[in-house]
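Q: Structure of the sequence below:
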Amino acid sequence: MTDANTNDPVRLPARRLPALLDIALPAVAVGSGAMLFMAVPNIIGGDDLWSWTKAITLALSATVVGYAVNKLAIERGAPQAVRGYRMAGFLSVGSILAVGGGLFAATYSGLVFKHVTELQLQEHGAALSVHVSTQGAAAAKAGQVTPAIGSITTDLRQKAGCEIQSSCVSGRGNGGRGPVARALDERAGRAEAIAGQVANGERMRGIRLDELNGLIGNYQRVLADDEVPISERRVELAGIDARVRQVAGELAEAVPVAMLSAFAGELKSGVEIPGRPAAEASLNAILARHGQGLADVISSVERLEMAPPAFPKRTGVSDTLGYFGHFLPVAAIAAVVELIFPLALWLYTFMALHWEGHVKEAGQRRGRSDTGDDEPSTSSGNGALPPQEPLTDTNVAAFLPPRRRRNGRGARRGRFDSLN
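A: Below you'll find the model as predicted:
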């Protein structure tokens, strides 16, 4: 800011900045260091003497750096910026933003670090519950295999008995254990063996489902135990998650789907009866019908299979930014203390100094106007133009050239000509 007439810089008032800064700057630095002291142990994940030593060192360093940077920016940068040194303004504001931004990132992430870990584990627990529910639905769908294989066994056993008694399948002869009866009896025996394995799988399926439900309950119980540190709870939850994966895999293998698929393909491929095409066609039609029905049931079971969700990795500082909206009040308080308030102090100081310089410059102009140093056309002390009288014949004639005022007639005719 310079004097309008002399081009000399206007000197700012030679006095200290407001006493508020003597209280505000140390208070902001101490508050920032205290919040960082509470945040650092959560980030470094320690509770021993060495961890607390690191937390104290970082907090004290941040307090000193924050106080020094804010003090220099406000007491040195703001006055220089008012005098027209733009680099001082950019440097002071940039240093406040850099230091405040770094302290805010560390403070916010440390204050919400443990809570973000809990939220991640809660979300994983919810996803794991959905997976177990889906596995239960798949297991219920797999339960349809039991009646399917049971009906195949019963029908083949009945067809074999009927063929032995009256040749009802081949349509040739009066019964007996011929090739058709032997083929039916063989397929019925295999179906009975597979049905026994399916029944065992069904029993195991019920046991595994009950165990999965119990594991999900244990997961939620451990997660809700706030008296245990989150680091210890995380280790226990990881063990429960591993057990859930193991039991879910055993549940998927409870029903011998691969064996059932092979048996369904065998039924659809049929058998060969040399020299008896009619009996072969009748038998293969029965077997193919059962094979296709079993294949349809198996395909519906396989479509419901899914992989369990991955256990969340260890929480990082960048993960806390993903929950910024969830912890918005904490983030707002940290941003005000670390960043917004120091920047506001600089801006208010800059405006106060700028206004004091403006008032001083206006006073200098007013003093020169009172001593007659200014020209008539200069502005008044308050920056406004001097009041003007309304234009009349008398005062307008005073501005006319002398040659226009030699006689009254000429004056009357041309008194406004000089205005053009």
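
Q: in this protein, which helix has the most residues?
A: helix 86-142 (DSSP state H).

Q: Show the pLDDT at the residue most central in space within the chain.
A: The centroid of the chain falls nearest to residue 322 when counting by Cα atoms, centre = their mean (2.7 Å). Residue 322 is assigned a pLDDT of 87 by the prediction.

Q: Distance of it relative to residue 316?
A: As for residue 322, its distance to residue 316 is 10 Å (criterion: Cβ to Cβ, to the nearest Å). (C-beta placed from N, C-alpha, C; glycine too.)

Q: Same question for residue 129.
A: 25 Å.

Q: does residue 179 really touch residue 276, like I thought?
A: Yes. Using Cβ atoms under 8 Å, residue 179 is in contact with residue 276, at 7.2 Å.

Q: Three-state assignment for residue 176, please.
A: Following DSSP: H, G, I helix; E, B strand; the rest coil, residue 176 is assigned to coil.

Q: What residues does it make contact with?
A: Applying Cβ atoms under 8 Å, 6 or more residues apart in numbering to residue 176 gives the contacts 164, 167.

Q: again with residue 73
A: 91, 92, 93, 95, 96, 342, 346.

Q: next one: phi and psi at residue 84?
A: The phi/psi pair for residue 84 (degrees, to the nearest 10) reads phi 110, psi 0.

Q: my bad, should have said residue 143
A: As for residue 143, its main-chain torsions (degrees, to the nearest 10) stand at phi -60, psi -20.

Q: quick one: the closest residue to it other than its chain neighbours from residue 246, how far?
A: Leaving aside its sequence neighbours, residue 143 sits nearest to residue 202 (Cβ to Cβ, 6 or more residues apart in numbering; 6.5 Å). Spatial separation of residue 202 from residue 246 under the definition Cβ to Cβ is 20 Å.

Q: between these two, who's got more neighbours?
A: Comparing residue 202 with residue 246 by neighbour count (other Cβ atoms under 10 Å), the higher total belongs to residue 202, at 17 against 13.

Q: Please look at that one and residue 254 and confirm they touch.
A: Yes. With contact defined as Cβ under 8 Å, residue 202 counts as touching residue 254 (7.4 Å).

Q: in the stretch 201-350 of the chain, what spans have low per-residue confidence?
A: 302-306 (pLDDT under 70).

Q: can you give me the helices for it?
A: 230-252, 257-269, 277-302, 317-321, 328-335, 341-370 (DSSP state H, counting those that start in this stretch).

Q: Make TSV out of the ones you listed and add distance to residue 36.
A: Below are these laid out as TSV (distance: least, Cβ to Cβ, whole Å):
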stretch	distance to residue 36
helix 230-252	20
helix 257-269	57
helix 277-302	55
helix 317-321	13
helix 328-335	10
helix 341-370	15
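
Q: Nearest to residue 63, out of those?
A: Between residue 63 and those, the tightest spacing by Cβ to Cβ is seen for helix 341-370, at 13.1 Å.

Q: by contact count, what packs against that closest one?
A: Helix 341-370 is packed against helix 19-44, helix 49-72, helix 78-82, helix 86-142, with contacts defined by 3 or more Cβ pairs under 8 Å, 6 or more residues apart in numbering; DSSP states H and E.

Q: now, of these, which is deepest in the fold?
A: Ranked by average neighbour count under the criterion mean count of other Cβ atoms under 10 Å, the helices and strands packed on helix 341-370 are headed by helix 78-82 at a mean of 21.
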